[in-house]
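Chemist: Turn this into a model:
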Amino acid sequence: MDGIYFSCADVTSLSPHGFWLQCGEEELYLPFVEFPVFEHATIAQICRVKCVSTGRVYWPELDVDLTLEAIRNPMAYPRDSINYDC
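Modeler: So this is what the prediction gives:
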């Protein structure tokens, strides 16, 4: 995914169960049970996140592209509707 990236996303904490992502003023939790693509990723792969717009984040090494809305409400977005092309 090429383009302009906004530096608004940072991983602030990791645990065996998931990680916290700071996006602007908002901090979001991504549990591995809801986002299994991250469960076996390295810490470096998880921490290399980019904002591709004000409402989207992208992990280039994992080729994972998520909207903030999908992170906020994972039950509203079936796993097969999320871009997990890794």
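Chemist: show me where the protein has helices.
Modeler: All helices of the chain, identified by DSSP state H, fall at 43-47, 68-72.
Chemist: now, of the ones you listed, which is deepest in the fold?
Modeler: Mean neighbours per residue, mean count of other CB atoms under 10 Å, is largest over those for helix 68-72, with a mean of 16. To be clear about C-beta, it is placed using only N, CA and C from the backbone, and glycine gets the same treatment.
Chemist: so where's the protein uncertain?
Modeler: 1-7, 78-86 (pLDDT under 70).
Chemist: the strands in it, which residues?
Modeler: 9-15, 18-23, 26-31, 50-53, 56-59, 64-67, 83-84 (DSSP state E).
Chemist: Mind checking these for the one nearest to V37?
Modeler: strand 83-84 (4.6 Å; CB to CB).
Chemist: The residue nearest to R48 when sequence neighbours are not counted: neighbouring residues, count only.
Modeler: Excluding its sequence neighbours, the residue lying closest to R48 (CB to CB, 6 or more residues apart in numbering) is E61, at 5.7 Å. Per other CB atoms under 10 Å, the neighbour tally for E61 reads 14.
Chemist: Backbone dihedrals for E61, please?
Modeler: With angles defined as degrees, to the nearest 10, E61 sits at phi -70, psi -20.
Chemist: Quickly note the distance from it to V37.
Modeler: Counting by CB to CB, to the nearest Å, the gap from E61 to V37 is 12 Å.
Chemist: And for R56, nearest residue in space, chain neighbours not counted?
Modeler: The nearest residue in space to R56 (CB to CB, 6+ apart) is T67, at 5.4 Å.
Chemist: I figured that neighbour was touching G55, is that so?
Modeler: Yes: assessed by CB atoms under 8 Å, T67 is found in contact with G55 at 5.6 Å.
Chemist: on that earlier part again, run through the residues that contact the residue nearest to R48.
Modeler: Applying CB atoms under 8 Å, 6 or more residues apart in numbering to E61 gives the contacts A44, Q45, R48.
Chemist: ok, now L62?
Modeler: V37, F38, A41, Q45, C86.
Chemist: correct me, but L30 touches L21?
Modeler: Yes: using CB under 8 Å, L30 is in contact with L21, at 6.1 Å.
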